[in-house]
Structure formats: C-alpha cells, structure tokens
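Enquirer: Sequence below, structure please.
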Amino acid sequence: MSDRGAVDGVARPGDVRAYAPGRVNLIGDHTDYMGGLVLPMAVDLGTTVTGRRGGHRLRLRSEGFDDVLDVGLPVTDPAAVTPGWGRYAAGVAAELGAESGLDGSVTSTVPAGGGLSSSAALEVAVALALGAELPAVELADLCRRAETAATGVPCGIMDQLCSAAGVEGHALLIDCATLDVTPVRVPDDAAVWVVDPGEPRALVGSAYAERRATCEAAALLVGPLPRADIAAIESLDDPVLRARARHVRTECDRVHGAAAALAAGDLERAGQLMVESHRSLATDFEVSTPGLDRAVEQLLAIDGVYGARLTGAGFGGNVVALARPDAEVPGRRVRPSAGARLR
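Expert: Okay, here's the model as predicted:
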C-alpha cells in the first residue's frame with residue numbers, strides 16, 4: 001500500500017488496491033473491431049492501482065513515468081489531459097462520470113509498447129479503483145470507449161475484455177459480434193512465450209485507424225467480413241480492400257481452428273495456424289515489420305517451437321510463441337491468468 005493508504009499495515013476505510021492483467025493474443029488480430037473472433041489470454045503480468053478514495057481530484061503517480069496525473073473531476077476532455085499516459089486513466093474517469101476522486105500510485109509489470117495491452121490493464125485497474133461495479137463485458141466496453149476518447153484510436157474490445165474476464169489456465173475465445181466468451185483450456189504441456197525483438201510501438205500515430213477504415217469500406221461492399229463469402233471478397237476490384245477483407249475473413253477461420261486444436265491438445269495444428277496468421281498479417285494486412293518477421297523465423301527454427309506470430313496490432317511490439325515447456329526460447333514465459341480484481 002502507499003504511505004497514505006494504511007496505518008500500521010491496517011487498511012482504512014477508502015483504501016483500495018485494484019489489479020488488472022495484461023494479455024497476449026494467441027491468434028486473431030484486426031478482427032475484433034469487425035465483429036470477428038479472437039483468442040487472447042490474460043497473463044501473469046499486470047498493473048496495480050493503489051490508493052485512497054475521496055476528494056474531487058484524480059491524482060496518480062506512476063513508477064514508470066516521472067510526470068504525475070493530477071486532474072479535477074468530473075473530467076470533460078480526457079484527450080487534453082497531461083501527461084500522455086494519464087489520458088487513459090482520465091478517459092476512464094470521464095466515462096464513469098466519476099466525481100469522487102482517488103489519490104494513489106500505479107505500478108506495472110506489463111511492458112509499455114510491447115503489444116501486451118499495458119493501456120487496457122491500466123484502464124481496467126483504474127475503473128475498479130474508482131469504484132466501478134460492472135459485469136466484465138460492460139466494464140470492458142467502458143474502458144474501450146475511454147481509450148478511444150482519450151487517444152482517438154478506434155480500438156476493439158478484445159484487450160479490455162480479456163483483462164476483465166480472464167480465466168486462470170485458459171485462453172478466451174471471444175466472439176466480438178455477440179461478446180460471448182468461451183474459456184479454452186491451455187494444455188499443461190504447452191508453454192507460451194513472449195519475445196521482444198526491440199521494436200516498440202504505439203497505436204497512436206500508427207496506421208491502425210486507416211486499417212479499420214479500409215475494412216469498414218470493404219464490409220460495405222461484401223457484408224460483415226467475418227462471415228462474408230470468400231468469393232465475393234476475391235471479386236473486389238480494389239486490391240487493398242480485397243487483401244484487408246481476406247485477412248479478416250480467413251483470420252476468423254484460423255481462430256476457430258486454433259481454439260479447437262488447443263482444446264484437443266493438438267499443439268502442432270495450433271502452431272501451424274499461428275504461422276499462417278502471421279503471414280496473413282504480413283502480406284494481406286501489412287502490419288508486420290522486418291524485425292517481427294525475423295523474430296518469427298528465428299523462433300520457428302528452435303526445436304520444440306510449434307508456432308509463432310506477431311501479437312497485438314502489429315507495427316512493432318512483441319512476438320508470441322507456442323512451444324514445449326523445455327524449448328529454449330529467448331524470451332519470457334507467460335502463464336494464463338485470472339482477470340481483474342480488487343485485492
């Protein structure tokens with residue numbers, strides 16, 4: 001606890017400690033905002049917000065940044081808040097309509113810029129710390145809206161929902177059209193690794209919004225992309241629309257297949273689908289980088305690695321690998337963990 005949060009180690013009324021995990025996406029990128037399928041898992045890396053409720057200001061210190069967030073409530077324009085990292089927290093306060101404040105601190109083991117949803121973990125933890133008492137889907141949607149309001153990035157709901165609804169030992173098969181969540185057991189003989197090729201990325205200022213707009217343009221011509229007829233997609237005159245739509249449509253099929261393969265313990269098939277996903281993201285969706293491609297190829301050459309792909313939206317960030325537990329993978333092993341909670 002912070003020094004303002006307890007006396008002699010005993011919590012006082014108003015003390016709060018909220019935790020939300022980051023996530024790694026095993027397969028299914030740039031499908032969530034089109035109402036498609038994704039297969040992420042909450043991981044044993046997360047963000048903790050500790051503090052004391054009260055007053056009419058949101059004041060947070062972060063161990064990862066020098067600047068302090070200090071903003072009056074209610075927040076009306078989170079995009080104008082400084083410092084930049086604090087906009088995510090301010091966006092949550094704005095969406096909640098929070099008028100009762102919080103004075104506290106933020107600690108995190110989720111690396112920023114790695115594609116492991118550090119922003120979503122912060123948003124969900126802040127929402128809980130501010131007193132949000134919502135079902136996981138509603139909490140996730142509030143945090144998704146908060147991120148868009150704070151940054152202008154039209155993100156999907158995958159990151160926030162995985163953080164809010166994670167199940168220990170499982171990945172989550174999420175249908176982003178219905179928001180149905182189905183836990184999928186990760187076999188005990190499967191290990192998930194995150195590898196950092198040294199290419200940090202931020203969605204703000206990237207071509208993320210352009211990719212979404214292109215997918216939406218294609219959907220106007222052939223219908224919802226996750227269920228569109230593949231022949232109709234291949235008949236699109238514009239090669240860019242055709243490629244973007246093809247990725248979304250085929251990626252949803254790969255997600256469905258990978259979930260079934262994990263459930264059956266068929267790690268070789270799950271890994272094969274991960275590799276196919278990376279190639280589609282690199283060629284049809286054009287969100288990979290030379291560094292990410294090299295990292296994937298290097299991982300696939302390691303004995304015991306079933307599959308590897310970029311994770312997150314691309315444009316940099318990390319690579320995820322599915323492997324045997326004894327594989328000599330040069331990264332960090334992450335484990336499927338439970339979702340957000342007050343603790």
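
Enquirer: So, low pLDDT: which residues of the stretch 1-150 of the chain?
Expert: 1-13 (pLDDT under 70).

Enquirer: Which stretches in it count as strands?
Expert: 6-7, 10-11, 15-27, 37-53, 57-62, 69-72, 102-108 (DSSP state E, counting those that start in this stretch).

Enquirer: would you list the ones you listed in TSV and tack on mean neighbour count and distance to A209?
Expert: Every C-beta, even on glycine, is put in place using the N, C-alpha and C of the backbone. Below are the strands of the stretch 1-150 of the chain laid out as TSV (neighbours: other Cβ atoms under 10 Å; distance: least, Cβ to Cβ, whole Å):
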stretch	mean neighbour count	distance to A209
strand 6-7	12	43
strand 10-11	10	43
strand 15-27	26	19
strand 37-53	25	19
strand 57-62	20	26
strand 69-72	19	25
strand 102-108	21	26
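
Enquirer: A245 - how many residues pack around it?
Expert: 27 (other Cβ atoms under 10 Å).

Enquirer: Settle this for me: it is touching A218, isn't it.
Expert: Yes - in this structure, A245 is within contact of A218 by Cβ atoms under 8 Å, at 3.9 Å.

Enquirer: Identify the contacts common to those two.
Expert: Counting by Cβ atoms under 8 Å, 6 or more residues apart in numbering, the residues touching both A245 and A218 are L225, I233, L236.

Enquirer: right, and out of the residues you listed, which lies closest to V334?
Expert: Distance from V334 was checked for each of the shared contacts of A245 and A218 by Cβ to Cβ. The minimum falls on L225, at 29.6 Å.

Enquirer: show me what contacts that closest one?
Expert: L225 makes contact with M34, G36, C215, A218, A219, I233, A245, V248, R249, according to Cβ under 8 Å, 6+ apart.

Enquirer: Where does the third one fall, secondary structure wise?
Expert: Secondary structure assignment for C215, by DSSP states H and E: helix 208-222.

Enquirer: How far away from the center of its chain is that helix?
Expert: Computed by Cα atoms, centre = their mean, to the nearest Å, the chain-centroid distance of helix 208-222 equals 21 Å.

Enquirer: Now the element after it, going C-ward?
Expert: Moving toward the C-terminus from helix 208-222, the next helix or strand (DSSP H and E) is helix 230-234.

Enquirer: Does anything pack onto that next one? Which helices or strands?
Expert: helix 208-222, helix 239-264 (3 or more Cβ pairs under 8 Å, 6 or more residues apart in numbering; DSSP states H and E).

Enquirer: Compile these into TSV and extend it with columns for distance to Q298 and mean pLDDT.
Expert: Converted to TSV, those look like this (distance: least, Cβ to Cβ, whole Å; pLDDT from 0 to 100):
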stretch	distance to Q298	mean pLDDT
helix 208-222	26	96
helix 239-264	22	98
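
Enquirer: quick one on the thing from earlier: of the strands of the stretch 1-150 of the chain, which is nearest A93?
Expert: strand 57-62 (5.3 Å).

Enquirer: Can you give the domain ranges for the chain?
Expert: Using automatic domain parsing, the domain parsing of the chain gives 6-183, 186-334.

Enquirer: and of those, who's closest to L342?
Expert: Each of the domains of the chain has some distance to L342 by Cβ to Cβ; the shortest is domain 6-183, at 5.4 Å.

Enquirer: picking up where we left off before, tell me the most buried of the domains of the chain?
Expert: Across the domains of the chain, averaging neighbours per residue (mean count of other Cβ atoms under 10 Å) puts domain 6-183 on top, at a mean of 21.

Enquirer: In space, not sequence, find me the middle residue of the chain.
Expert: Closest residue to the average C-alpha location of the chain: D159 at 3.0 Å, with Cα atoms, centre = their mean.

Enquirer: how about the helices in the stretch 51-200 of the chain?
Expert: 86-96, 118-129, 136-151, 158-165 (DSSP state H, counting those that start in this stretch).
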